[in-house]
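Visitor: Sequence isn't available, so here's the structure alone:
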């Protein structure tokens, strides 16, 4: 998505990326970025929370108007109700290490099967 | 100062996904896009005269198969913003399905919120179409195929600015 934004900017169209994966967007490098520190999935506000969504869109429009140089990131002031998602998402520890290794093996086996059947 | 922390607060998905796929036996980590230079296009007119568009990584209809299960096909598409779609297909994307959901489209593509901004005059108008771009493992396909097509649609629809939302 950041690569598309860069292409539009290079061709004269102003953009804002709205996202939750701060490191991925900032590593790529975009003109304007509205970062909301939520679990992946709701970069424009919590589901059904219209006032929050309106506030995030307003931050986005304000950034469009006011940014004067690239790599301008604005972080919205909202917080998820808890922090448990931070450690839970894609967690790797002793409790699931073996299961993940098996899942990887299984996935590679299925992909090899698909390739053979093509 | 509220707290002292010996770590950064936001999640690093580059670090997290590298460790996760390494644990699955993928030895070559994904190489993320990195650029030293960033293009910048200033807004050319006041926002209340601008037509604003939307780009999402969600797809319009369930795709055949799912990632890793079988051959799957995700296409670039353009679809009407009016009437706005009630939902989009996101199950094949890698968002946090334990922590949240995507039943409310405005939580990941603010099509109704943006229409409200047009109604109040905050922006000139909403693009008649929004665009879907697949999340692609291949950065070459994104830059060579997806990005030029999205640009062409933006020009056809006369857009001055675009909000891009990644799940």
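Guide: Arrived safely. These figures come from a predicted structure and were not determined experimentally. Residues are numbered from 1 along each chain as shown, chains lettered A, B, ... in the order given.

Visitor: buried set for the helix or strand harbouring residue B:20?
Guide: According to DSSP states H and E, residue B:20 maps onto helix B:13-23. Across helix B:13-23, burial judged by 16 or more other Cβ atoms under 10 Å in any protein chain shown covers B:13, B:16, B:17, B:18, B:20, B:21, B:23. In this view, the C-beta of every residue, glycine as well, is placed from N, C-alpha and C.

Visitor: for chain A, longest helix please?
Guide: Ranked by residue count, the top helix of chain A under DSSP state H comes out as helix A:97-117.

Visitor: what inclination does the helix holding residue B:20 have with respect to helix A:97-117?
Guide: Counting by axes from the mean of the first three to the mean of the last three Cα atoms, to 10 degrees, helix B:13-23 lies at 80 degrees to helix A:97-117.

Visitor: Name all residues that make contact with residue A:9.
Guide: Residue A:9 is in contact with A:15, A:30, A:31, A:70, B:38, B:39, B:40, B:41, counting by Cβ atoms under 8 Å, 6 or more residues apart in numbering or on different chains.

Visitor: ok, 6 Å please
Guide: The contact partners of residue A:9, by Cβ atoms under 6 Å, 6 or more residues apart in numbering or on different chains, come to A:15, A:31, B:39, B:40, B:41.

Visitor: what's the distance between it and residue A:110?
Guide: Using Cβ to Cβ, to the nearest Å, residue A:9 is found at 39 Å from residue A:110.

Visitor: Now do the closest residue to residue B:129 other than its chain neighbours: how many residues are near it, please.
Guide: Spatial nearest neighbour of residue B:129, chain neighbours left out: residue B:78 (4.4 Å); criterion: Cβ to Cβ, 6 or more residues apart in numbering or on different chains. Around residue B:78 there are 21 other residues, counting by other Cβ atoms under 10 Å in any protein chain shown.

Visitor: Is residue B:78 in contact with residue B:154, as I believe?
Guide: No: counting by Cβ atoms under 6 Å, residue B:78 does not reach residue B:154; the two are 9.9 Å apart.

Visitor: Check the offset of stretch A:69-82 from the chain's centre.
Guide: How far stretch A:69-82 lies from its chain's middle: 12 Å, per Cα atoms, centre = their mean, to the nearest Å.

Visitor: I'd like to know how far residue B:143 sits from chain A.
Guide: Per Cβ to the nearest Cβ, to the nearest Å, residue B:143 is found 5 Å from chain A.

Visitor: My read is that that residue contacts residue A:3, right?
Guide: Yes: counting by Cβ under 6 Å, residue B:143 touches residue A:3, with 5.4 Å between them.

Visitor: Am I right that residue A:34 is in a helix?
Guide: No: assigned with DSSP: H, G, I helix; E, B strand; the rest coil, residue A:34 falls outside any helix and is strand.

Visitor: And the pLDDT at it?
Guide: Residue A:34 carries a pLDDT value of 98.

Visitor: likewise residue B:69?
Guide: Each residue has a pLDDT score; the one for residue B:69 is 34.

Visitor: do stretch A:32-39 and chain B meet?
Guide: Yes: on the criterion Cβ under 6 Å from any Cβ of the partner chain, stretch A:32-39 is in touch with chain B at A:37, A:39.

Visitor: filter the buried residues of helix B:13-23 down to the ones near chain A?
Guide: Subset of the buried residues of helix B:13-23 in contact with chain A: B:13, B:16, B:20, B:23, counting by Cβ under 6 Å from any Cβ.
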